[in-house]
Every structure is written in structure tokens, then in C-alpha cells.
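> here is my input; please provide its structure:
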Amino acid sequence: MNRQIAKQNLISIPFVFAATAAALLTAAAANAATTASTNAPAWITRPLSLAESLNVALQQNGTILKARSDLEASHGVVVQTRAIVIPRVQASGNFTYSDPNAIDKFPFAGGGTNASAFNFQQPHENWSSGIQIVQSIYEGGRMASALRSARLTKEQALLQYQTVVADTLLVTRVAYYDVLVATQQIVVHEASVNLLTKEFEDQQRRFDAGTVPRFN
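As a prediction, the model looks like this:
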């Protein structure tokens, strides 16, 4: 009696797996049809190797892209921090215009007996420009502190980026192997469903022949 109940339970289990597998296959087919009708990248519609999956994660993962932006921003902070020790170029210019009518004119007489007097007018436009290079030599330890802070900021940003990349690639590897395991589990479950289905059909033929009771 217990053996017959066990057989009945085994017969009911494959139908659950069969329904689950059918639902998964239907969802996969629907997703494939949706992807084919859109302008999706080519890597979505085909199987990917582990290396290809890692490359896609490096190019498309939002966490890595954000970490990359943070690394670029920290580079600007580093440049700004160590700018104190870099020579600076300063340029200046000036232009002055004076109204010619407001400038006093001085008479000037030339030498000789036939010399005639004429007026000497000062220039009314003045131009000036200058350029200089400024280099700090000593600021009481501020320069050494700026260089050390810039170096530590750069190392910290680089290590944070490498940590994000390593964590993301690890998660991608785990997810990839989980998919492979799930695929093999589907194959095993399908084989179990086929085996139990054949056993059910065999019991049905025996019942039709009258060799086993209906309870089987």
C-alpha cells in the first residue's frame, strides 16, 4: 500500500516540473519575440561566453560607470590640490585714453632766424602690458602637505574604482554560473519528467489490459 502511494506521489511531481518548465519556455519565447521586434543590441539575442559577459558588465554596468565618473572627478581634485606647487603665469594689461582737447599744448620755437613757433601735443593713448611667472618656494609646510594629500587622494580614488570593478565582476561571474546551473537543472528535470511520463503510460497500458488495479 505504501509503495503504491509513493508511486502516486512520484507521478504527481513530474507534472509540477513539467508545468514549471513549460512556463519558463513560454516566457523565454515571449522575451525573444519582444527583443527581436526592438532595436536591442546583438549580444542580447545570442548566448554569451563568460569573457563576453564580463566585457558587457564593464561597458554597461551602472555602478562601474558611476565609479569611473567619480575617478575622473577625483583627478580634478588632485590637480587642484597640488596646484600650489606648480608655477603660475600671470598676465596683465592696461589701456588709457585721454581726450586730446583736455591736454594742454605747449608752444615750441625752433632755432634760427626764420624759426616759426608750433605746438607740441602729448600722446593721448597709452598702452601697457606685462607677464610674470610666480613660483612658491616655501610656505611653511603647505606645499609638502598639498603634495601628500594629492597623492593619497589619487590612490584612494583608484583603489575605490578597482574595488567596484572587482565586486561587479565577481557578481557577474556568480550570476553566470548560476544560469549554467539552472540550465542543467532544467535538463535534469525534463529527463525526470520524461521518465515518469513513460512510467505513467506503462501503468496506464497495464491498467487497460487489466493486469494492475486502478489505484496504480
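> which residues in the chain form strands?
According to DSSP state E, the chain carries its strands in the segments 88-97, 106-109, 117-120, 125-134.
> packing partners for the first one?
It refers to strand 88-97. strand 125-134 (3 or more Cβ pairs under 8 Å, 6 or more residues apart in numbering; DSSP states H and E). C-betas here are computed from N, CA, C, even on glycine.
> now the strand it packs on: mean pLDDT?
For strand 125-134, the per-residue pLDDT values average out at 84.
> cool, and stretch 83-96?
Stretch 83-96 comes out with an average pLDDT of 82.
> for stretch 45-64, same thing?
86.
> send the alpha carbons of it over as CSV?
Taking C-alpha atoms only, stretch 45-64 is exported to CSV below (Å, rounded to 0.1, in the frame of the first residue of the first chain):
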residue,chain,number,x,y,z
THR,A,45,19.8,37.8,-28.7
ARG,A,46,22.6,35.2,-28.5
PRO,A,47,24.4,33.1,-25.9
LEU,A,48,27.4,34.8,-24.3
SER,A,49,30.6,33.4,-23.0
LEU,A,50,32.0,34.3,-19.6
ALA,A,51,34.5,36.7,-21.1
GLU,A,52,31.8,38.4,-23.2
SER,A,53,29.6,38.7,-20.1
LEU,A,54,32.4,40.4,-18.2
ASN,A,55,33.1,42.8,-21.0
VAL,A,56,29.4,43.7,-21.2
ALA,A,57,29.4,44.3,-17.4
LEU,A,58,32.5,46.6,-17.8
GLN,A,59,30.8,48.6,-20.5
GLN,A,60,27.2,48.7,-19.4
ASN,A,61,27.1,48.3,-15.6
GLY,A,62,25.8,51.5,-13.9
THR,A,63,27.9,51.0,-10.8
ILE,A,64,31.1,50.8,-12.8
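> for it, which positions count as buried?
Residues 53-54, 57, 61, 64 are the ones in stretch 45-64 that count as buried (16 or more other Cβ atoms under 10 Å).
> ok, stretch 81-100 next?
Of the residues in stretch 81-100, those buried under the neighbour-count criterion (16+ other Cβ under 10 Å) are 81-82, 85.
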